[in-house]
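A.B. asks: From the sequence below, what's the structure:
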Amino acid sequence: MLQSDSTLPIERAKMRIRVTVPAADISGLRGRLLEGVDKLEHEETKEDWSGVGELATCRRSIITNVFS
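C.D. replies: Numbering: from 1, shown residues only. Purely as a prediction, here's the structure:
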């Protein structure tokens, strides 16, 4: 049955990524990484900085450009 009066919400697909960077290098990269991530779920700093975040698939080039 077709419903012409209702609307369906559209949501972009999300990717979950984990990034690991040596802790000595994260000071300059952290801000640029967080610009590309929609939601930072977890971050941890020991010998390395690691973060898990969620981002829209259309924004993955931002993360790629940080490491280029």
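
A.B. asks: for the residue positioned nearest the centre of the chain, what are its contacts?
C.D. replies: Using CA atoms, centre = their mean, the residue of the chain that lies closest to the mean C-alpha position is Val37, 3.1 Å off. By CB atoms under 8 Å, 6 or more residues apart in numbering, the contact set of Val37 is Ile17, Gly51, Gly53, Glu54, Leu55, Ile63. C-betas here are computed from N, CA, C, even on glycine.

A.B. asks: mind redoing it with 7 Å?
C.D. replies: Gly53, Glu54, Leu55 (CB atoms under 7 Å, 6 or more residues apart in numbering).

A.B. asks: Check what pLDDT the residue lying closest to Gly51 once chain neighbours are set aside gets.
C.D. replies: In space, and not counting its chain neighbours, Gly51 is closest to Glu43: 4.2 Å by CB to CB, 6 or more residues apart in numbering. Residue-level confidence at Glu43 comes out at 93, pLDDT.

A.B. asks: If you count contacts, what does the helix or strand encompassing Glu43 end up packed against?
C.D. replies: For Glu43, the element it lies in under DSSP states H and E is strand 39-45. Where contact means 3 or more CB pairs under 7 Å, 6 or more residues apart in numbering; DSSP states H and E, strand 39-45 is packed against strand 48-56.

A.B. asks: Just the CA coordinates for the strand it packs on, please, in CSV.
C.D. replies: Output in CSV follows, covering the C-alpha atoms of strand 48-56 (Å, rounded to 0.1, in the frame of the first residue of the first chain):
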residue,chain,number,x,y,z
ASP,A,48,50.3,6.0,21.5
TRP,A,49,47.2,8.1,21.2
SER,A,50,44.2,6.1,20.0
GLY,A,51,40.7,7.3,19.3
VAL,A,52,37.5,5.7,18.1
GLY,A,53,35.0,7.9,16.3
GLU,A,54,32.0,8.0,14.0
LEU,A,55,31.9,9.9,10.8
ALA,A,56,29.7,10.2,7.7
